[in-house]
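A.B. asks: I would like to see how this sequence folds:
(one chain, ligands or ions: 1)
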Amino acid sequence: MVPIAERREKEIGLRMRTSPHIVIYFQVRQLVLENYITRQSFQGGPATVLLLDYFTIWRTAAQALRDLTGYTEESIVDSIRNLRDHGLLIAEDSEQDRLENRFAKKWLWPNASRYYHFATKLDEPYSSPEEIRNYYEKYLKGTKQPAIYKTYPERPKIRLLPDSGAEAPLFQTLRLRHTTRDFSGGSISLKQLSRIIYYTWGKLSTYKTQEFGHLLHKASPSAGARHPIESYAVVNNVEGVRRGIYHYSVKDHSLELVKAGDFRERCVTFSAGQTWTRNASVLFLMTAVVERTAWKYRIPRVYRAFLLDAGHISQSFLLVSTALGLGAFCIGVISDLSIERELGIDGVNETAIFAVGVGCSSKEKGDFEKGAEVH
Ligand SMILES: Cc1cc2nc3c(=O)[nH]c(=O)nc-3n(C[C@H](O)[C@H](O)[C@H](O)COP(=O)(O)O)c2cc1C
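C.D. replies: Here you go, the predicted model:
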């Protein structure tokens, strides 16, 4: 046991500074200070802000005791300890210090995008059916649903021509696409997997530019042709392919084994508790490599490009899978933190964004029209 006096001396001699990743706001007339990287929040007051202001440069509690008059020694030491425990003050060379330093170097966009991305990361299971029912009861029941159509009834109209979908297979595919959540757990072939990946994340060609060298041409567009989205295939059932997690290498159209093993139950965790995902033949976890885009564009608006890029990719994936007669889905409710831990990525320079999956539908064609689930 370290004697109390020695512990206290160490504590007040520790160099600390205020985290540069704090957002402060009022919630129900209460001042809230939130560290969006560690996702800890603290209810404070003007004195908290003064203390954090004092620690914007590296300082120790001993210095604070000398400089900050009008407070008792105990209250200053307690407040500093409290702010440290809540991630608002960072001790020099601590794990948090290293994390926040790395973050500042990579995530070049200002607060708006940083706060949104990190404050909305998920590490909890999806709501249970009972919680979802309670939510509907509490917030939605008895309220009027917003109109699903917008119209200008008073304005002149031009009637457009109906389409039968006959001219091109793409039109048929667009008509057939819908979300599948019922999978038999059966296998898809390596040929199907290869095609899906090629037309979703693969390099169709490259072209040379003066400023940026060779750039990629893929089936989906990408803001500034940065193509920040990476894909990891969790292979559950593919003929001739060992179960495991693979990284898709765009460079040579191959799957690189990251971890061998049966990850079907982990799929449920990755999808934040959506149990049916364990029966997908392959679940693709998409991440974004932040610096690939942030290096070129420094404005926070460009953060949206990640989300839009992932959306385009997802639609290509769904259409290719549909064209191959397979069932497919996209899921935005994912456990970012468990995915990042499993993939061994830092969640700062490479961060989880979206997931899509494919498999053999257990429903007959046409069953879908009888009643679809909505999530
Ligand atoms: C951004 C986004 C996130 C979604 N996340 C989920 C999800 O987490 N779980 C799920 O079951 N479906 C998810 N879906 C699928 C939608 O629920 C589905 O597209 C919607 O019900 C319409 O059905 P359809 O795709 O068959 O037309 C998501 C779709 C989008 C575009």
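
A.B. asks: tell me which helix or strand of this structure sits lowest on mean pLDDT?
C.D. replies: Ranked by mean pLDDT, DSSP states H and E, the helix or strand of the chain with the weakest confidence is helix 367-370, at a mean of 51.

A.B. asks: Okay, strands next: where are they in the stretch 151-300 of the chain?
C.D. replies: Secondary structure of the stretch 151-300 of the chain by DSSP state E, counting those that start in this stretch: the strands cover 205-209, 213-217, 229-235, 244-249, 254-260, 282-289.

A.B. asks: May I see those organised as TSV, with mean pLDDT added?
C.D. replies: As requested, those are exported to TSV (pLDDT from 0 to 100):
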stretch	mean pLDDT
strand 205-209	96
strand 213-217	95
strand 229-235	98
strand 244-249	98
strand 254-260	98
strand 282-289	98
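
A.B. asks: I'd like those written out as a markdown table, with mean neighbour count added.
C.D. replies: Every C-beta, even on glycine, is put in place using the N, C-alpha and C of the backbone. Shown next, in a markdown table, are the strands of the stretch 151-300 of the chain (neighbours: other Cβ atoms under 10 Å):
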| stretch | mean neighbour count |
| --- | --- |
| strand 205-209 | 9 |
| strand 213-217 | 12 |
| strand 229-235 | 24 |
| strand 244-249 | 18 |
| strand 254-260 | 14 |
| strand 282-289 | 25 |
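
A.B. asks: Nearest to I76, out of the ones you listed?
C.D. replies: strand 282-289 (42.1 Å; Cβ to Cβ).

A.B. asks: The closest one to strand 229-235, inter-axis angle?
C.D. replies: Following axes from the mean of the first three to the mean of the last three Cα atoms, to 10 degrees, one obtains 160 degrees for the angle between strand 282-289 and strand 229-235.

A.B. asks: Just checking: what are the partner strands of strand 282-289?
C.D. replies: Sheet partners assigned to strand 282-289 using DSSP bridges are listed as strand 229-235 (antiparallel), strand 350-359 (antiparallel).

A.B. asks: And the strands of the stretch 151-300 of the chain: which comes nearest the ligand?
C.D. replies: Nearest to the ligand among those is strand 282-289; the distance by Cβ to the nearest ligand atom comes to 11.7 Å.

A.B. asks: C-alpha coordinates for that closest one, CSV please?
C.D. replies: What follows is strand 282-289 as a C-alpha-only set of coordinates in CSV (Å, rounded to 0.1, in the frame of the first residue of the first chain):
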residue,chain,number,x,y,z
VAL,A,282,-21.6,-13.2,-45.5
LEU,A,283,-21.8,-10.0,-43.4
PHE,A,284,-19.6,-7.2,-44.7
LEU,A,285,-18.4,-4.6,-42.1
MET,A,286,-17.6,-1.3,-43.7
THR,A,287,-15.2,1.1,-42.2
ALA,A,288,-13.9,4.5,-43.4
VAL,A,289,-10.2,5.5,-43.5
